[in-house]
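Visitor: sequence first, then the predicted structure:
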Amino acid sequence: MPYRSIRGRIRYTSHKPERFGEERGREYFSITQQADGTDVLQAHCEIDDAPSVTRDIVQALRHSDSAPLDCSVRLTVGDKFEGTGWFRFTDKLAECETFNQRDGRITQRMELEAPVQWMQCHPIAGDGLLMRLYDLSQGPGKQHFPNMMLSSPDHRGATGPMLFKMGFSLVYVGETEITVEAGTFHARHFQVTDTAADLPEEHPPYNVWVTADDDYILLRAEVGGYMQTHYELAELDYFAAQDGKTEASKPAVETPA
């Protein structure tokens with residue numbers, strides 16, 4: 001069966017004046033675009049800042065709109081096991097089975113009035129796929145999405161995992177060209193906003209740039225406020241498989257050199 005795989009590495013750095021440009025973590029990800037219209041995101045995330053965070057996720061979502069299907073998350077915080085969990089979504093139900101250090105074994109089942117639009121498991125690569133929710137036919141502006149889920153309301157995703165319901169807005173600023181470590185790309189610029197109503201603490205201002213194509217690969221992200229963090233695509237490769245053979249391929253929409 002044919003599929004397409006996108007693999008990359010994201011560098012985490014600080015933008016605080018006293019440590020500007022200092023590496024504070026990294027992420028290795030792959031996105032497999034399957035023939036049935038499912039994308040599978042796998043990500044290994046490392047945050048060095050104490051308490052350190054190691055996160056491994058496998059998340060399946062619909063390619064057309066990034067609606068979640070299922071995912072698993074495992075967390076290590078401060079070099080100690082924090083929690084592990086499995087999540088599944090239908091149009092009428094969100095459910096999970098998890099175990100974490102604080103609460104032990106947890107089973108959650110949430111009846112839904114509307115399908116979950118996005119499941120945020122906290123890999124930075126996932127923040128690119130999130131922007132697929134925005135209806136570009138409406139042009140630049142703001143759109144609100146009330147039916148979102150998080151695996152942790154913590155800004156670093158360092159608790160749980162367990163289901164946390166919230167809503168927030170996406171702002172589409174427009175298209176631009178940016179240069180990152182992985183190259184120069186035609187990009188779409190988005191912002192995440194309106195998080196104060198549901199999170200224990202409002203997330204600082206968040207800007208995200210993604211490839212201006214159907215892949216929505218995260219190129220750069222910047223968090224302001226007290227966090228002052230920067231994320232940048234450092235490596236990017238494309239592979240296509242058919243008839244049992246895997247070969248390097250080009251993006252669906254080629255980026256400028």
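Guide: Thanks, I have it.

Visitor: now the helices for the stretch 1-150 of the chain?
Guide: Assigned by DSSP state H, counting those that start in this stretch, the helices in the stretch 1-150 of the chain fall at 124-130.

Visitor: can you tell me how far the spatially closest residue to residue 118 that is not a sequence neighbour sits from residue 114?
Guide: Spatial nearest neighbour of residue 118, chain neighbours left out: residue 148 (4.9 Å); criterion: CB to CB, 6 or more residues apart in numbering. Quick note: C-beta positions are derived from backbone N, CA and C, even for glycine. According to CB to CB, to the nearest Å, residue 148 and residue 114 sit 11 Å apart.

Visitor: which of those two has more neighbours?
Guide: In this view residue 148 and residue 114 are compared by other CB atoms under 10 Å, and residue 148 has more residues nearby, 20 against 9.

Visitor: next, the distance between the ends of stretch 170-190.
Guide: 7 Å (CA to CA, to the nearest Å).

Visitor: tell me the contacts of the residue nearest to residue 118?
Guide: Listed by CB atoms under 8 Å, 6 or more residues apart in numbering, the contact set of residue 148 reads 116-120, 165-168.

Visitor: for the residues you listed, pick the one with the most neighbours.
Guide: residue 119 (26 neighbours).

Visitor: tell me the pLDDT of that one.
Guide: pLDDT for residue 119: 97.

Visitor: tell me the bridge partners for it.
Guide: Under DSSP bridges, the beta-bridge partners of residue 119 are residue 149.

Visitor: likewise residue 89?
Guide: When assigned by DSSP bridges, residue 89 has beta-bridge partners residue 94.

Visitor: can you count the residues close to the nearest residue to residue 41 once chain neighbours are set aside?
Guide: Distances taken as CB to CB, 6+ apart place residue 59 nearest to residue 41, at 4.6 Å, with adjacent residues excluded. With neighbours defined by other CB under 10 Å, the count for residue 59 comes to 26.

Visitor: isn't residue 59 right next to residue 40, touching?
Guide: Yes. Using CB atoms under 8 Å, residue 59 is in contact with residue 40, at 7.2 Å.

Visitor: thinking again about what came up before, which residues touch the residue nearest to residue 41?
Guide: Going by CB under 8 Å, 6+ apart, residue 59 touches 40-42, 68, 70-72, 119, 121, 123, 126.

Visitor: residues near residue 145, how many?
Guide: Number of residues near residue 145 (other CB under 10 Å) recorded here: 16.

Visitor: same deal with residue 208?
Guide: 26.

Visitor: what lines up beside the helix or strand hosting it in the sheet?
Guide: If you go by DSSP states H and E, residue 208 is part of strand 206-211. Counting by DSSP bridges, the strands paired with strand 206-211 are strand 183-193 (antiparallel), strand 218-223 (antiparallel).

Visitor: contacts for the shortest one, please.
Guide: Right, strand 218-223. 10, 15, 124-125, 127-128, 178, 180, 182, 185, 187, 203-211, 229-233.

Visitor: show me what contacts the closest residue to residue 21 other than its chain neighbours?
Guide: Excluding its sequence neighbours, the residue lying closest to residue 21 (CB to CB, 6+ apart) is residue 13, at 5.7 Å. By CB under 8 Å, 6+ apart, residue 13 lies in contact with 21-24, 229-232.
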